[in-house]
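Participant: pasting the sequence and the predicted coordinates here, then a few questions.
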Amino acid sequence: MNKNVFVLGLDDANREVLRGLPDADSLTFHQLLTQDELQEGEVNVPDLLERAEAQLADFDGSVDAIVTYWDFPATMMVPILCRRRGLPSADLKAVIRCEHKYWSRLVQSRVTNALPAFGLLDLDAEQPHLPAGVSYPAWIKPVESASSEGAYRITDTEQLARTLPQAREDVVRLGRPFEAVLDMIELPPEIEQIGGAAYMAEEAAAGQQVTVEGYIAGGTVDVYGLVASIDYPGSDSFLRYQYPSAMSEGVFERIVEVASEVISASGLDNSTFNIEFFWDADASRLRLLEVNARHSQEHARLFEMVDGVANHAAMVSLGLGHHPQLPRREGEYAMAAKWFLRHFADGVVRRTPTPGEVADLEARVPGCTVLVKVEEGARLSDGYGEDSYSYVLAEVFLGGADEDDLKRKYEEFVSTLPFTIDDEEA
């Protein structure tokens, strides 16, 4: 009989990727709550857990694994639900130790010096200021967020003062529900004091941003890929993710060493992870940005195109209690990228590509998959999970022979598929 794998927030695009896994014929994937249920409005974790439990209880069959590739609250709901059913998963406290950005920094500082200066930010200070030891330019961010929500790059005190009112609003949506999860574990005094509705600041890092993907099973860390993150020129918003990264072998080994140290120090086990870094080649300086106790679904198709199997395979294997076995460089393409077509102002969507136009491009361009992320008539700011500076109109997955091939294919997409945004309507 097929194993039943429940995926928190399973969406159509990732269901398609999961069905392409080598052992998918022996698995049945079920959606456990929708992505909208998990993310819209101010998240209510106890209510979400109750609804998930009711759905599992109503299922007429075995529940063999519960997994996710999404941020909070899904990352923390999985260990809670698995523990109640005796299923394999990471420990909740270890997941929180990774996902609480300030707690994670304290753990990291004990095993590596590859960190920017950081500290807690006083949102209510009469005279806004960065924490002691942190200099401009800096990033301020909630200690718990998803998709860079609530993160702002700050260049001076005046900008900090202008941004704090918005930051005080941003910290509420995920901060208060995060505190409901923190109440489930015993916290060290320094974390109990600040809770989950807090902001921190850290100095901005320079250089090439990369993300290392891996998993830890039985205490052994395995890193299986390094993905480059490339911004829009003059912006902090991602233009594309590209795999494999062109980083040198020596730098890659250094990244793997730091990644292994911080994952082990966190106490995480039986889990996928991804860790974001900046490598400043001019200064020969490595800076660790953040640790996520999950793999990145953003990269799933990239690994599928280059290695032959999506990184979802590690998640599913661990969820079923197996040790992952991932191939390397057995895919159809030498390089792959996920591109983000963005709009950098709010507005109303007036025109998107039709399904027929999308299908025509995908048939014409080998290795191309287009996901339109907005609907006609929608206001961009009514969405969720965006960064603080832009709105994603479409995601484009491309496989190619090299970087030039990827760029050529993306330009064909941009010139072929039309989007019209009305920036003027209130």
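Facilitator: Good, I have the coordinates.
Participant: for the closest residue to residue 22 other than its chain neighbours, report the pLDDT, please.
Facilitator: Nearest non-adjacent residue to residue 22, counting by C-beta to C-beta, 6 or more residues apart in numbering: residue 309, 6.3 Å away. From N, CA and C alone the C-beta is placed, and that goes for glycine too. pLDDT, residue 309: 97.
Participant: does residue 309 belong to a helix, a strand or coil?
Facilitator: What DSSP: H, G, I helix; E, B strand; the rest coil gives for residue 309 is coil.
Participant: okay, now it: neighbour count?
Facilitator: Neighbour count for residue 309, taken as other C-beta atoms under 10 Å: 23.
Participant: endpoint to endpoint, stretch 397-411 covers what distance?
Facilitator: End-to-end distance of stretch 397-411: 13 Å, with C-alpha to C-alpha, to the nearest Å as the criterion.
Participant: same thing with stretch 190-200?
Facilitator: Where stretch 190-200 begins and where it ends lie 14 Å apart, using C-alpha to C-alpha.
Participant: quick one: mean pLDDT over the top helix by length along the chain.
Facilitator: Determined from DSSP state H, the single longest helix within the chain is helix 157-182. Helix 157-182 carries an average pLDDT of 93.
Participant: what's the one helix or strand residue 413 maps to packed up against?
Facilitator: Using DSSP states H and E, residue 413 maps to helix 403-416. Contacts defined by 3 or more C-beta pairs under 8 Å, 6 or more residues apart in numbering; DSSP states H and E place helix 403-416 against strand 238-243, strand 335-343, helix 355-364, strand 368-372, strand 391-400.
Participant: just put these in a markdown table and tack on distance to residue 116.
Facilitator: As requested, the helices and strands packed on helix 403-416 are exported to a markdown table (distance: least, C-beta to C-beta, whole Å):
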| stretch | distance to residue 116 |
| --- | --- |
| strand 238-243 | 19 |
| strand 335-343 | 25 |
| helix 355-364 | 41 |
| strand 368-372 | 33 |
| strand 391-400 | 27 |
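Participant: go ahead and confirm residue 395 touches residue 338.
Facilitator: Yes. Using C-beta atoms under 8 Å, residue 395 is in contact with residue 338, at 6.2 Å.
Participant: more neighbours: which of these two?
Facilitator: Neighbours per residue, other C-beta under 10 Å: of residue 395 and residue 338, the larger number sits with residue 338, 22 against 19.
Participant: next secondary structure after the longest helix of the chain?
Facilitator: Following helix 157-182 in sequence, per DSSP H and E, is helix 189-194.
Participant: return the distance of that following helix from the chain's centre.
Facilitator: Remark: helix 189-194 is offset 26 Å from the chain centroid, using C-alpha atoms, centre = their mean, to the nearest Å.
Participant: kindly report the same for stretch 199-213.
Facilitator: Mean-position distance between stretch 199-213 and its chain equals 14 Å (C-alpha atoms, centre = their mean).
Participant: check stretch 190-200 too.
Facilitator: The chain centre lies 22 Å from the centre of stretch 190-200; the measure is C-alpha atoms, centre = their mean.
Participant: pLDDT at residue 317, what is it?
Facilitator: In this model, residue 317 is scored at 98, pLDDT.
Participant: meant to ask about residue 82
Facilitator: 98.
Participant: that one: neighbour count?
Facilitator: 20.
Participant: again, but for residue 363
Facilitator: 9.
Participant: ok, now how distant is it from residue 15?
Facilitator: 22 Å (C-beta to C-beta, to the nearest Å).
Participant: what's the answer for residue 390, then?
Facilitator: Residue 390 is 27 Å from residue 15, by C-beta to C-beta.
Participant: which of these two has more neighbours?
Facilitator: residue 390 (18 against 13).
Participant: the more buried one and residue 236 touch, don't they?
Facilitator: No. In this structure, residue 390 is not within contact of residue 236 by C-beta under 8 Å, at 9.2 Å.
Participant: residues near residue 328, how many?
Facilitator: Neighbours around residue 328, by other C-beta under 10 Å: 13.
Participant: which ones are touching it?
Facilitator: 224, 307 (C-beta atoms under 8 Å, 6 or more residues apart in numbering).
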